[in-house]
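*Asks:* when you get a sec, could you give me coordinates for this:
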Amino acid sequence: MIVLPPQVNTVITDLEQAGFEAYLVGGAVRDYVRDCTAANDWDIASNAVPEQVKQVFAGYNPVSYTHLRAHETKAN
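*Replies:* Below you'll find the model as predicted:
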């Protein structure tokens with residue numbers, strides 16, 4: 001089982017409590033499945049759009065919203 005840092009758990013929990021889906025994705029999952037390597041960074045996918053994510057985490061001190069914008073997808 002992947003052991004998540006408390007901050008990652010907080011992000012997932014806060015998104016889910018706000019009614020959104022949140023999933024651990026990316027290299028951390030890949031490396032764990034391949035060889036149980038510990039991750040240095042964490043990626044979380046959500047059906048919340050960046051503005052909704054900003055609302056969920058309005059009480060936090062954000063470092064950067066760059067990744068929110070970089071990974072935003074829009075429905076056709």
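
*Asks:* worst-scoring helix or strand of this structure, pLDDT-wise?
*Replies:* helix 66-70 (a mean of 51; mean pLDDT, DSSP states H and E).

*Asks:* any idea which helix is longest in the protein?
*Replies:* Criterion DSSP state H: the longest helix present in the chain is helix 6-17.

*Asks:* show me what that one is packed up against.
*Replies:* Helices and strands touching helix 6-17, by 3 or more C-beta pairs under 8 Å, 6 or more residues apart in numbering; DSSP states H and E, are strand 22-25, strand 43-46, helix 50-56. Every residue, glycine included, has its C-beta placed from N, CA and C.

*Asks:* check what contacts it and list those residues.
*Replies:* Leu4, Glu21, Ala22, Leu24, Trp42, Ile44, Ser46, Ala48, Val53, Val56, Phe57 (C-beta atoms under 8 Å, 6 or more residues apart in numbering).

*Asks:* give me the buried stretch members for it, please.
*Replies:* Residues Val8, Val11, Ile12, Asp14, Leu15 are the ones in helix 6-17 that count as buried (16 or more other C-beta atoms under 10 Å).

*Asks:* center of this protein, which residue is that?
*Replies:* Centroid-nearest residue in the chain, with C-alpha atoms, centre = their mean: Ile44, separated by 2.5 Å.

*Asks:* any idea what that one is bridged to?
*Replies:* Beta-bridge pairing for Ile44 (DSSP bridges): Leu24.

*Asks:* thought it was touching Phe20?
*Replies:* No. Using C-beta atoms under 8 Å, Ile44 makes no contact with Phe20, being 10.5 Å away.

*Asks:* shaky segments in this protein?
*Replies:* Residue ranges of the chain with pLDDT under 70: 62-76.

*Asks:* go again using 50 as the cut-off
*Replies:* The chain contains residues with pLDDT under 50 at 69-71, 73-76.
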